[in-house]
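In: everything below, folded, please.
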Amino acid sequence: MQPECIETFSINRIVDLYENTVPQMYQKLDMLANSEDTQPIYLDLKHKLAVTRVELLKIFRYCLATCVNAIVEKM
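Out: Numbering: from 1, shown residues only. Okay, here's the model as predicted:
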């Protein structure tokens, strides 16, 4: 896997997804929190979104580490 590919494609896509989509999903989830009959769905989806957010951060860190390691190896 080439670090240039990770840097130009994956990192930008992950940042865009995290920055634009995740906050909107939390806002939509807040609408479910207002009703008692949707509370179980709200809690389940909020947990899944939190796990997804953490996994996106892990992927982002992995991509950055790969790029940094490639730069260090060239030195």
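In: where along this structure do the strands fall?
Out: In the chain, no segments count as strands under DSSP state E.
In: any idea which residue sits dead centre in it?
Out: Compute the mean C-alpha point of the chain, and by C-alpha atoms, centre = their mean the closest residue is Leu56, 3.0 Å away.
In: quick one: Tyr18 and Ala50, what's the gap?
Out: Separation of Tyr18 from Ala50 (C-beta to C-beta, to the nearest Å): 13 Å. In this view, the C-beta of every residue, glycine as well, is placed from N, C-alpha and C.
In: looking at these two, which one has more neighbours?
Out: Tyr18 (16 against 12; other C-beta atoms under 10 Å).
In: so who does the nearest residue to the more buried one once chain neighbours are set aside touch?
Out: Of all residues not flanking Tyr18 in the chain, Leu56 sits nearest, at 5.4 Å (C-beta to C-beta, 6 or more residues apart in numbering). By C-beta atoms under 8 Å, 6 or more residues apart in numbering, the contact list for Leu56 reads 14, 17-18, 22.
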